[in-house]
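**Student:** from the sequence below, what's the structure:
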Amino acid sequence: MGEKNKILRTRSKEIGVFGAVELKRLAADMKETLAGIKTGVALAAPQIGENSRIFVLSKEFSGKTPLVYVNPTIKNFGKETLVEEGCLSLPEILGLVKRFPITRIEAHDESGKKFKLKAEGLLAQAFQHEVDHLNGVLFIDRAEKIFKIKDKKE
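**Tutor:** A predicted model of the protein is given here:
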């Protein structure tokens, strides 16, 4: 799925009109899709074939943070460390990827309201992973080591 989907390798387009029915429908569809996936914590529009700069977080993962991130920008802080990472687009693969431990993200919700958020740990990792998707980058492009999930279990 991941390597064959051309949109996953394309920089997503900025969303220019907030509050539009299409954007609200896309955000709702993405939240519903993600809710139906047992192992996913976030989903970017390119993963469902949409070339738009939007991602969503699962309710279970996000806590008090917003669920919808439109046109996000991210600033990273700290020293990169290796973390284990996987992706819904490449379900059989895990990798060790360097990620920053702290991020600040600026984005809009689907109505256009701008917000800023500081994140650490797994949430910071998820933000970096999803923004990579919006830039046409997959975690395997950054991975220092890649292994199949079945190999790890053995």
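
**Student:** tally of neighbours for Lys13?
**Tutor:** 13 (other Cβ atoms under 10 Å). Where C-beta positions appear, they are placed from N, C-alpha and C, glycine not excepted.

**Student:** same check on Val97?
**Tutor:** Neighbours of Val97 (other Cβ under 10 Å): 24.

**Student:** again with the one 3 residues further on
**Tutor:** In terms of burial, Phe100 registers 19 neighbours under the definition other Cβ under 10 Å.

**Student:** and it, what does it touch?
**Tutor:** Asn76, Phe77, Gly78, Lys79, Glu80, Ala124, Gln128 (Cβ atoms under 8 Å, 6 or more residues apart in numbering).

**Student:** around the closest residue to the fifth one other than its chain neighbours, how many other residues sit close by?
**Tutor:** Just to be clear, that refers to Glu80. Using Cβ to Cβ, 6 or more residues apart in numbering and skipping residues adjacent in sequence, the residue nearest Glu80 is Lys98, 4.0 Å away. Using other Cβ under 10 Å, the number of residues around Lys98 comes to 14.

**Student:** what is Lys98 paired to in the beta sheet?
**Tutor:** Taking DSSP bridges as the rule, Lys98 bridges to Leu82.

**Student:** Glu80: what's it in contact with?
**Tutor:** Contacts of Glu80 by Cβ under 8 Å, 6+ apart are Lys98, Arg99, Phe100.

**Student:** what does the pLDDT read for the second one?
**Tutor:** You'll see Arg99 listed with a pLDDT of 97.

**Student:** could I get the contacts of Glu80 in TSV, plus columns for distance to Glu22?
**Tutor:** Output for the contacts of Glu80, formatted as TSV (distance: Cβ to Cβ, whole Å):
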residue	distance to Glu22
Lys98	36
Arg99	32
Phe100	33
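
**Student:** and which of those residues is nearest to Ile54?
**Tutor:** Arg99 (21.1 Å; Cβ to Cβ).

**Student:** in a helix, Phe127, correct?
**Tutor:** Yes. According to DSSP: H, G, I helix; E, B strand; the rest coil, Phe127 belongs to a helix.
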